[in-house]
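Student: 3D model of this:
(one chain, ligands or ions: 1)
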Amino acid sequence: NDEPVTAEIHADKPGPVYDKRIFTQFAEHLGNGIYGGLWVGKNSKIPNTNGFRNDVVSALRELSVPVIRWPGGCFADEYHWREGIGPQNKRPVKVNTHWGGVTEPNTVGTHEYFELLRQVGAEAYISGNVGDGSPREMAEWVEYMTAPAGTLADERAKNGHKKPWKVPYFGIGNELWGCGGNMRPEYAADVTRRYATFVKAPAGTHILKVASGANVDDYNWTETMMKVAAPVLDGLSLHYYTLPDGGWPPKADPIHFDETGWADALHQTWRMDELITKHSAIMDKYDPKKRVFLAVDEWGAWYAQDPGTHPGFLRQQNTLRDAMIAAINLDIFAKHADRVKMTAIAQMVNVLQAMILTDGSKMVLTPTYYVFDMYKPWQDATVLPIDIDTPIYVKGKYTVPAVSGSAVKGKDGKIHIGLSNADPEQANTVTVSLDGVAASGVTGRILTAPAITSHNTFANPDAVKPAAFSGAQVKDGKLTVTLPAKSVVVLELQ
Ligand code: AHR
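Tutor: Have a look, this model is predicted:
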């Protein structure tokens, strides 16, 4: 593009905190999301600590994953926590009815989940079973995990953990409109009130309760939940996946796509902005003080799964397109950081838009992983509003803002700016006015690759990897950045 793109950062009007919980990741008992991807067992030849593979855990630690949502998803609404405690070899083996019909050994249960959290350095976000569980079962699970004393605390101690765990976030079911019970919103709202009543934090602690929210643009769901259940809630969820190639069911190929497939996916991703705007407006009506946060606790690209992989395992490769999808979403969340306090990408390892792919002892980091790495300074930073006068990139019927971005003042006191160029052919030069910012220099990192379909494989793990970026300069209170085609850039002002 020959015309420079102008942008303005309003450092003098700092916005809300970009909550670190926006970087939450979702790990479901689905395919190799848990078994194989995270858990290999203590006796595995794959180096592990208490059963969790060291390579994956250390890559996750590097990302400072704040929270891990578990055990589902749809799996959560059929999960019975008692089946996942006690000696592993005595636990019942069940059928995972949602995901591939494979057996679920219950080897990873509550104790193992908290061990994973300990190793990664993350906090708990448990999805309770509203679908086919009772309020009593849910209440007892919470007591088992958090009570300092009593019969359930004794049982926990007998099973190896004397000290209560912290459960800062608890989901009152998952997708109650679908796999969580096919409920109507009126019924779901009442059920949520009932179940939430019995999720009790021990004295001096807090459990924030997140209700199962809308599917995509089901605004009536949000309206009803807020009207009926807001008083018992701290958060309300929203699930929205990027589904190119005609929407549900997922059919786009993860790696074989042309420019139309690229533009389609990015166009669908931008819908997140509209969805959050509209759901937030409804929440504002009932909760103008924004006490109840919006938790977009499932987002990401959902394609047809990789050929030859087990049906129902939702295993998909991850390309530069996914990196762009991640960056756009993270920028959109900055715009709505007053209401959006938590989001969770689906999912962490081997499932959907994963950070990490594994196969036996092999592991590879995806382009999405690297975007999360580059955006780390956004965690708990202060959002600085940014206006970008972007051109629109058009491909066929799909329109996409060519330049996306967000800016924050990090906890390190520095200003960090993310800018990406969705145009797969043309560079875009952005001139950013930095009123009220004293900057004398800039450093940065860039993620790009030769092709829109470029991706990392076990044989070629570094095909898409961040590199130092030298295409930005600060001069006379202005930052000028030349964004190569199809690139994600993160800058730090000096
Ligand atoms: O992330 C995969 C599935 O998508 C989850 O289990 C469910 O909540 C959603 O429909």
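
Student: okay, CA-based contacts and neighbour counts for the rest of this
Tutor: Noted.

Student: what is the neighbour count of Pro4?
Tutor: Pro4: 16 surrounding residues under other Cα atoms under 10 Å.

Student: what's the answer for His98, then?
Tutor: Neighbour tally, His98, other Cα under 10 Å: 16.

Student: pretty sure it sits against Gly73.
Tutor: No. Between His98 and Gly73 there is no contact under Cα atoms under 8 Å: 9.7 Å.

Student: next one: phi and psi at the residue of the stretch 51-200 of the chain found nearest the ligand?
Tutor: Per Cα to the nearest ligand atom, Gly73 is where the stretch 51-200 of the chain lies closest to the ligand, at 3.2 Å. Here is the backbone geometry of Gly73 (degrees, to the nearest 10): phi 60, psi -180.

Student: report how many residues lie close to it.
Tutor: When neighbours are counted by other Cα under 10 Å, Gly73 comes out with 25.

Student: surely it touches Gly33?
Tutor: No. Using Cα under 8 Å, Gly73 is not in contact with Gly33; the gap is 11.9 Å.

Student: which neighbours do those two share?
Tutor: Counting by Cα atoms under 8 Å, 6 or more residues apart in numbering, Gly73 and Gly33 have no shared contacts at all.

Student: centre of the chain to stretch 216-233, how far?
Tutor: 22 Å (Cα atoms, centre = their mean, to the nearest Å).

Student: got it, and stretch 71-86?
Tutor: A distance of 20 Å separates the centroid of the chain from that of stretch 71-86, by Cα atoms, centre = their mean.

Student: now the strands: where do they sit in the stretch 151-300 of the chain?
Tutor: For the stretch 151-300 of the chain, the strands defined by DSSP state E, counting those that start in this stretch cover 169-172, 208-215, 235-242, 293-301.

Student: so what strands line up beside the shortest one?
Tutor: Going back to what we said before, that points to strand 169-172. With DSSP bridges as the test, strand 169-172 is paired with strand 123-127 (parallel), strand 208-215 (parallel).

Student: the residue nearest to Lys20 when sequence neighbours are not counted: neighbour count?
Tutor: What sits nearest to Lys20 in space, not counting adjacent residues and going by Cα to Cα, 6 or more residues apart in numbering, is Gln379, at 4.1 Å. Other residues near Gln379 come to 20 when the count uses other Cα under 10 Å.

Student: now do the contacts for Ala214.
Tutor: So Ala214 contacts Glu175, Trp177, Trp221, Thr222, Ser237, Leu238, His239 (Cα under 8 Å, 6+ apart).

Student: sorry, that was for Asp154
Tutor: Counting by Cα under 8 Å, 6+ apart, Asp154 makes contact with Lys162.

Student: okay, now the domains of the protein?
Tutor: Here the domain parsing of the chain from automatic domain parsing is 5-10+384-493, 19-379.

Student: can you check which helix is longest in this structure?
Tutor: Secondary structure of the chain per DSSP state H: the longest helix is helix 259-286.

Student: flag every buried residue along that helix.
Tutor: 260-273, 275-276, 279-280, 282-284, 286 (16 or more other Cα atoms under 10 Å).

Student: please apply the same query to stretch 77-87.
Tutor: Asp77, Glu78, Tyr79, His80, Trp81, Arg82, Glu83, Gly84, Ile85, Gly86.

Student: and for stretch 219-235, what's in contact with it?
Tutor: Identification of contacts with stretch 219-235 by Cα under 8 Å, 6+ apart yields 185-186, 188-190, 192-193, 196-197, 208-211, 213-214, 278-279, 282-283, 286, 291-295.

Student: interface residues of the stretch 1-150 of the chain facing the ligand?
Tutor: Residues of the stretch 1-150 of the chain lying near the ligand by Cα under 6 Å from any ligand atom: Gly72, Gly73, Cys74.

Student: separation between the last one and Val102?
Tutor: As judged by Cα to Cα, to the nearest Å, Cys74 and Val102 stand 15 Å apart.

Student: between the two, which one's more packed in?
Tutor: Comparing Cys74 with Val102 by other Cα under 10 Å, the one with more neighbours is Cys74, at 26 against 16.
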